[in-house]
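Chemist: I need the structure of the sequence given here:
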Amino acid sequence: MLIYHERQEAMLCGQHALNNLVQSAVFDVSGLSQIAHQLDELELNYMAQNEEGGIRSKEYIQRISEGSGNVDSSGNFSLQVLRAALQNTFRLGLPNLSQEGVLDDVKDVTDIDGFICNKQAHWFAIRKINGRYWNLNSMNSYPIQISHFNLARDIESLRQDGYHVFFVDGSLPPPCESFEDINGRGTPGFWWDEQDLLKGAKENSTNAGTNHWRQANVGSGFRLDGKSSQVSENITPMQGLTEEEMLQMALAASMEETQQSSKDKPENHPKILLSPEPDSTDPNAVKIQFRLPDGSRAIRRFLGSDCVAMIFAFVESRCTGGKPFELRAGFPPKVITCSEDCSIHEAKLNGEMVQGRFM
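Modeler: Purely as a prediction, here's the structure:
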C-alpha cells in the first residue's frame, strides 16, 4: 500500500490537505481559485440585492475593495472553498466535529475515515489508509502514523490547541496499492511505501531518490500569482455547474426565500438579551464568523446551547440601528430563521460564515 503526502508550498496548505485526504493530486491552484471566485460572485450577488443602495451601497463598494474573501494572493483558501471542492468533486460533506448531533450515528471516532484540521491559516489532513491512521500535515517531512488508541486523544489535543476539526461525511476514494497505479495521481516523489514508514526506514523508502523532504527547495513554492508546480488535467471545478448557473442558483434561492425573509425582519424577531461571550476554554463554546450588514467583519463565541435568536441579538448590538436585516449561511446561502426554540448546535451554525444584509 502507498501513501500520498504533498509537502508545503507557500500558503497552499488547503490544496495539500485536500489532495492528501483523497490520496491523489486532484485539486490544483487554478481549480480551487475558480471555486473561490465563484463563491465571491455569489456573495457579491447577494449583497447587490441590498435594498439600501445595492451595488452603490457603501457595504458593496467596501466588499469590492477588499478583494476575494475566499482566497488571498499567497494561496490560502477558505473553509467554504474546501467544502465546495469536496462536495462537487466527490459528494463528500465536511461538518465540524463540534456540532451537536453530527456524531450520533458514529459509534467511535475510529469509524471515521478522514479529518481536516484548521488553525488560523494552516490546514492539514488525517486519513485512514489500510486500517491505519496517518497524520498527513504538509509541514511534516513524511506521513506520521497515529494509533487507533491515540486518535481520540490527539484530536482532542488539537481542539484544545485552538484547531477546528472537520470530519469527512461519506466514503473517500480508495488509496493507491502499488507504484504501477500512481501514474497521473501525483508527483512520484510524494509517494511513500507504507511498509517502509512502519519500519522507520524513511530515508531508504522506495521513493527516497525523489523524496521532496530531502530536497533543498522544499517549502519555497510559488505564490498564487505564479505558476503551479502541479496541474491536474482532469479536475472540473464546481463540477457540472458554470459560473452563470451558480449565480442563477443563488438568485433562485433568494427568490424562494423572499417570503420567509419578510417574516424575519427585526420587528418580528424575538427580543432577547445578549448573553456575555463565553470564554475560549469553555468546552461548549462555538465560534461563528460574521460579515455584518454594514460590511464589517466580526468573530464571536457563543454557547452551542444558545438559541439562534442570540445570533440576531449580537448583530443588532453591533450595527443595525434598528434597520431591518436578514442573515444567511451555507452554500448556496440560505436564510437563517430567528428562533428561540432552535439552538446554534441544532441549526449547525458552528464554524459557519454568517452573512447579513439590510433589507
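Chemist: and the residue nearest to the spatial centre of the chain, what are its phi and psi?
Modeler: Geometric centre of the chain, nearest residue: L79, 2.1 Å, by C-alpha atoms, centre = their mean. With angles defined as degrees, to the nearest 10, L79 sits at phi -60, psi -40.
Chemist: Am I right that it is in contact with N118?
Modeler: Yes: with contact defined as C-beta atoms under 8 Å, L79 reaches N118; the gap is 6.9 Å. Where C-beta positions appear, they are placed from N, C-alpha and C, glycine not excepted.
Chemist: Identify the contacts common to the two.
Modeler: Shared contacts of L79 and N118, defined by C-beta atoms under 8 Å, 6 or more residues apart in numbering, comprise F166.
Chemist: Surely F115 forms part of a strand?
Modeler: Yes: applying DSSP: H, G, I helix; E, B strand; the rest coil, one finds F115 inside a strand.
Chemist: Let the chain start at 46 from now.
Modeler: Got it, first residue is 46 now, which makes that one F160.
Chemist: burial count for it?
Modeler: Residues near F160, counting by other C-beta atoms under 10 Å, number 27.
Chemist: In what element of secondary structure is the closest residue to it other than its chain neighbours found?
Modeler: Spatially, and ignoring its direct neighbours in sequence, F160 is nearest to I171 (4.3 Å; C-beta to C-beta, 6 or more residues apart in numbering). For I171, the host element (DSSP states H and E) is strand 167-174.
Chemist: List every C-alpha atom in that strand, with coordinates, as CSV.
Modeler: Taking Å, rounded to 0.1, in the frame of the first residue of the first chain, the C-alpha atoms of strand 167-174 are listed here in CSV:
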residue,chain,number,x,y,z
HIS,A,167,-3.0,26.3,8.2
TRP,A,168,-4.8,23.2,7.1
PHE,A,169,-3.8,19.6,7.2
ALA,A,170,-5.4,16.1,6.8
ILE,A,171,-5.6,12.9,8.8
ARG,A,172,-6.6,9.9,6.8
LYS,A,173,-7.2,6.2,7.5
ILE,A,174,-5.2,4.1,5.0
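Chemist: can you pull the buried residues of it?
Modeler: Across strand 167-174, burial judged by 16 or more other C-beta atoms under 10 Å covers 167-174.
Chemist: and the least confident of the residues you listed?
Modeler: Within the buried residues of strand 167-174, H167 has the lowest pLDDT, namely 88.
Chemist: returning to what we had before: so the residue nearest to F160 is in contact with C162, correct?
Modeler: Yes: counting by C-beta under 8 Å, C162 is a contact partner of I171 at 6.9 Å.
Chemist: can I assume A81 is in contact with D117?
Modeler: No: using C-beta under 8 Å, A81 makes no contact with D117, being 9.4 Å away.
Chemist: ok so, going back, in contact with the residue nearest to the centre of the chain: list those residues for me.
Modeler: Residues near L124 by C-beta under 8 Å, 6+ apart: 139, 163, 211, 396, 398.
Chemist: burial of the first one, as a residue count?
Modeler: For L139, the neighbour count with other C-beta under 10 Å is 22.
Chemist: Could you do the third one as well?
Modeler: Using other C-beta under 10 Å, F211 has 25 other residues around it.
Chemist: and it, what element?
Modeler: Using DSSP H and E, F211 falls in strand 209-212.
Chemist: And that strand, what does it pack against?
Modeler: Contacting strand 209-212 under the criterion 3 or more C-beta pairs under 8 Å, 6 or more residues apart in numbering; DSSP states H and E are the following elements: strand 159-164, helix 193-205.
Chemist: Would you mind saying which of these lies nearest L243?
Modeler: Closest to L243 of the helices and strands packed on strand 209-212 is helix 193-205 (C-beta to C-beta; 14.6 Å).
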